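any chance you could fold what I've pasted below:
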Amino acid sequence: MSGIPSSILNELIGTLIRVLYDALFWARYRSEGGRERPLLVVLEEAHVYLGKEHKGSAASAVRRIAKEGRKYGIGAMIVSQRPSEVDDTILSQCGTLFALRMSNPTDRSHVIGTVTDSLQGLLSNLPILRTGEAIVVGEAVHLPMRALIEAPPKDRRPDSSDPVIFGGTFVEGSTEHSVPGGWDRTREPGDYKHVITTWRRQQPQLPSEQPDPSAE
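This is a model prediction of the structure:
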């Protein structure tokens, strides 16, 4: 739903979650109902529509899941880079916490405030975690742990890696790789017609530019 205008995003997400919740609630004793086949709703970029200032249908629907959903077989995974902006009621109901590297003191204090006093020392390591490393606490693990999350295969990764700022050569194992840079790359003549085309199509790559999977 990333391309949906923010003006209707809240109502659309709220309606969708409400339909899912009600369907699983009334079908909870059926073979494909909530108690027999639980459903996990993943809410990415949650601070955009579940912030403290949001009082719309999305926030109220997620609060309902957070408070009552697990006994009917529906749960929520709240994903956000700004936990300090997520509603306190929703965040406090999360039974398991995966905390990755976090340097902002406001976000850190908000996360630390959701765990018991005995775990606050462990979460003080948040600013020094490596990329992909997380501190896991809560009901899903027997003991609090510091874990390195394995990256998925390249064909399953989202297009969210950082751009190359400055190119160069690096060695991986016994193989030397050359990475074309961003700022030091030779400038090419540009054509704004291409920008307008991709903008109108709402696709960053035209069909002729997309990689061929059979070539890999």
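
make it CA atoms for all contacts and neighbour counts henceforth
Noted.

which residues are contacting stretch 157-165?
151, 180, 181, 182, 183 (Cα atoms under 8 Å, 6 or more residues apart in numbering).

which of those sit farthest apart?
Using Cα to Cα, these span at most 27.5 Å, a distance reached by 151 and 183.

nearest to residue 114 among the contacts of stretch 157-165?
The closest of those, once distances to residue 114 are taken by Cα to Cα, is residue 151, at 27.2 Å.

now do the SS call for that closest one.
When classified by DSSP: H, G, I helix; E, B strand; the rest coil, residue 151 comes out as coil.

hmm, it is touching residue 131, no?
No: Residue 151 lies out of contact with residue 131 (Cα atoms under 8 Å); the separation is 10.0 Å.

would you map the strands across the chain?
Counting by DSSP state E, the chain has these strands, from start to end: 39-43, 74-78, 96-100, 133-138, 145-148, 168-172, 175-179.

walk me through the domains of this structure.
According to automatic domain parsing, the chain comprises the domains 6-148, 162-209.

most tightly surrounded among the ones you listed?
domain 6-148 (a mean of 17; mean count of other Cα atoms under 10 Å).

centre of the chain versus that domain, how much separation?
Distance, stretch centre to chain centre, for domain 6-148: 10 Å (Cα atoms, centre = their mean, to the nearest Å).

for that domain, give the mean pLDDT please.
Across domain 6-148, pLDDT averages out at 86.

compute the first-to-last residue distance for it.
34 Å (Cα to Cα, to the nearest Å).
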